[in-house]
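Visitor: From the sequence below, what's the structure:
(chains A and B)
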Amino acid sequence: MSSVDRQQRSRTARRRVRASLARRRRRERLFRAAGLLATAAGLAFLGMFFASLIAKGASAFVQTHVLLDVETPVAALIDPVDPVGQADPIDLIDPVDPDALVNDSLRELFPLVTSRNDRRQLARLLSIDAGESVRRALVAAGAEAGTRLSIWVPAAATVDMLSKGQLDPDVEERLRPLSDVQIAWVAQLKGEGRLKKRFNSALFTNGDSREPELAGIRGALMGSFYMLLVTMALAFPIGVAAAVYLEEFAPRNRWSAPFGRLIEVNINNLAAVPSIVFGLLGLAVFIDWLALPRSAPLVGGLVLSLLTLPVIIIASRAAIQSVSPSIREAALALGASRMQMVFHHILPQALPGVLTGTIIGMSRALGETAPLLMIGMVAFIVDIPGGFTDPATALPVQIYLWADTPEPAFAERTSAAILVLLGFLLVMNLAAVVIRQRMENKV
Amino acid sequence: MNDPNVIEPGGVEASADGPGDPGRRSDTVSPRSAVAEQITEFGRIPVGNVRCEDPFIIAENVNAYYGDIHAIRNVTLEIAKSEVIALIGPSGCGKTTFIRCLNRMNDSVEHARVTGRITLDGQDIYERGLDPVVLRARIGMVFQKPNPFPKSVYDNVAYGPRIHGLAADRAELDDIVHGSLERAGLLKEVKDRLDEPGTELSGGQQQRLCIARTIAVNPEVILMDEPCSALDPIATARIEDLIDELAEDYAIVIVTHSMQQAARVSRRVAYFHLGMLVEVDETDRIFTNPQHKLTEDYITGRIG
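Guide: Next up is the predicted model:
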């Protein structure tokens, strides 16, 4: 080939490279733009989701309270839990109903309200729990008889909604839960500074309730907590042990290899099985066959650990696989047994990945609802569970229950409960990230 | 698991050689005098002398397979108690596979199978019931890429003695660690950094740490698989000096791609080709007067 020819060829080549360069750059720009668009869209939806949740749920963290002036009675109060007063026989002498104190206080505030019907309407401005709050406040204060105390008692859900602007006072009277007089009374209370939104501690200290202003997530939180304890105690050790066995000890010769693959396919499959199927399994095995109690965190935890196991096994196997083979060889060549190799070198190195997988599995378990429906954890349970076999519900199930309630005041509480659940999930996933980084820096 | 006790004199395996290979002898005499030579397309190999005086490791008719790949074909080789023998040959010729047979590292490789007989000090290392843990305490290994544990320098060296229970107390363990680092020529450099991770040392230091870790267990043989291929010339020179010093007490089998290195450190050289042992001889003779055409081609740079 002559040198002129060669020059000609290299010129052509350069020209073609330039021509193709423009095309390549255009493609790259397009690809980047598409990626950016996808990310932006994802972020936008996430933002909308959070914005709507916070907009709806934030108001549930405060609750409207009414200030009552109550005189400490001479006699003891009736305890609704122990109405006959057997716990304290001295108080049997003419016990006082705290509800009566509330009514007295209201009569003082509104001396002009006299008719029986109006009085009943007036009393409905307060939560049915008002008497109980008065009793608790009086007991806590322990003041002498005759002392006047100012006590904040929760308002009824309707008043709460009115003061939060969720109830339009301009609609026709018969279409709203508060009558014109009631609205006027609320305005009067507000004018006297006796109506205030205070932190809604009931949301965090109470169990479920039919009354929105009394409903709380404590029971559901405790139920979730006990369930996760059971899940953690079972799924973590079993999952890691299974992963170690499958990766390091399972025989892998010609005959057992198909068997190993079968196990692998099945584990991957289990991770994708709809969670309700695990619920059915739990119902059939744990409740029907093993006769464990229904609605119990113990059974919930068992079902959730079945659900979490594949996730933990898959994550742990991946973490174990990612440990450099040179470390294995170094340990074996020094004369470490397989077990020593695993426990001295492989597991410590794989631990960040194993823990991340476990936490992700646990947060999946925390957010799981469907299997719990099958094992009876969907019941209306007021009491806060105190153990693994007490009837309980779980946070996501509580959300499901509240979302299903026709009572409009539950809407904001549903959003608030979702926010709490998301908060826990966020903390758990953040912990996974932190643990991973910490440990990887250390190694 | 591979079948450890298969002794096949002559390595009569259908896949061992192509058809039309009538030179296969299949005499079944005692292992010591078993077939040491085979006839291949390359003629009668190996040439030179696979035997040595006072052999410590004897490999007789060793064949190794990875699945269907026949990685080592009928290799017979003796290694003396305190000598440095270098294994050379083009990539994929089976040098590394061969030394991994010597400490049974191939056990943990899927589908790996070894036949033939390898004895260490008269003991069959593939004997049923022999725990490779015991074997590996006697035959240490240094790998191509420095692979210290992600632990402190001290723990790296102390790991072997700890798992084998070599030290009665902390003071004895300290002695072993310091002594091993000293022998590996690393003590001066890391004396004040014993608590730092071994992975933070330089490449050459890491490799010497791996050697210190190996000799801390007090092995009788050290296998080195291209120990300098990831190191710069200065670090390489230090390791080579170290091999010279260690040669007084240990039998060293070193796999290397560097002919200069083989010439510098070894007393004998074995040339491997396509899984076969082609020529074994004194280092001087191999490099000055190779007997086999393949060996000559390789050391003069025509193959490899």
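
Visitor: Only C-alpha atoms from now on, for both contacts and neighbour counts.
Guide: Fine.

Visitor: Any idea how many residues pack against residue 225?
Guide: By default, I'm working from chain A. 18 (other Cα atoms under 10 Å in any protein chain shown).

Visitor: was after chain B, sorry
Guide: 23.

Visitor: Check the secondary structure at the residue nearest to residue A:133 when sequence neighbours are not counted for me.
Guide: Excluding the flanking residues, the one nearest residue A:133 by Cα to Cα, 6 or more residues apart in numbering or on different chains is residue A:153, at 6.1 Å. The local conformation at residue A:153, judged by DSSP: H, G, I helix; E, B strand; the rest coil, is strand.

Visitor: which residues does residue A:153 bridge with?
Guide: Beta-bridge partners recorded for residue A:153 (DSSP bridges): residue A:66.

Visitor: Burial check on it, number of neighbours?
Guide: Residue A:153, neighbours per other Cα under 10 Å, totals 23.

Visitor: Quick check: it vs residue B:107, distance?
Guide: Using Cα to Cα, to the nearest Å, one gets 76 Å for the distance from residue A:153 to residue B:107.

Visitor: on that earlier part again, surely the residue nearest to residue A:133 and residue A:134 touch.
Guide: Yes: Residue A:153 is in contact with residue A:134 according to Cα atoms under 8 Å; the separation is 7.0 Å.

Visitor: Parallel or antiparallel, which strands does the helix or strand of chain B with the lowest mean pLDDT pair with?
Guide: Lowest by mean pLDDT, DSSP states H and E among the helices and strands of chain B is strand B:38-40, with a mean of 76. Paired strands of strand B:38-40, with direction, are strand B:43-45 (antiparallel) (DSSP bridges).

Visitor: What segments of the stretch 151-300 of chain B are helices?
Guide: Remark: helices assigned in the stretch 151-300 of chain B by DSSP state H, counting those that start in this stretch are B:153-164, B:170-183, B:187-190, B:203-215, B:233-246, B:259-265, B:283-288, B:293-299.

Visitor: Quick one: those as JSON lines, columns for mean neighbour count too.
Guide: Shown next, in JSON lines, are the helices of the stretch 151-300 of chain B (neighbours: other Cα atoms under 10 Å in any protein chain shown):
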{"stretch": "helix B:153-164", "mean neighbour count": "22"}
{"stretch": "helix B:170-183", "mean neighbour count": "18"}
{"stretch": "helix B:187-190", "mean neighbour count": "15"}
{"stretch": "helix B:203-215", "mean neighbour count": "27"}
{"stretch": "helix B:233-246", "mean neighbour count": "17"}
{"stretch": "helix B:259-265", "mean neighbour count": "17"}
{"stretch": "helix B:283-288", "mean neighbour count": "17"}
{"stretch": "helix B:293-299", "mean neighbour count": "18"}
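
Visitor: Please convert these to a markdown table, extending it with distance to residue A:241 and mean pLDDT.
Guide: Below are those laid out as a markdown table (distance: least, Cα to Cα, whole Å; pLDDT from 0 to 100):
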| stretch | distance to residue A:241 | mean pLDDT |
| --- | --- | --- |
| helix B:153-164 | 22 | 94 |
| helix B:170-183 | 32 | 93 |
| helix B:187-190 | 38 | 91 |
| helix B:203-215 | 30 | 93 |
| helix B:233-246 | 41 | 90 |
| helix B:259-265 | 46 | 91 |
| helix B:283-288 | 51 | 91 |
| helix B:293-299 | 50 | 89 |
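
Visitor: Let's have the ones you listed in TSV, adding distance to residue A:167.
Guide: Below are the helices of the stretch 151-300 of chain B laid out as TSV (distance: least, Cα to Cα, whole Å):
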stretch	distance to residue A:167
helix B:153-164	70
helix B:170-183	77
helix B:187-190	76
helix B:203-215	74
helix B:233-246	81
helix B:259-265	90
helix B:283-288	99
helix B:293-299	93
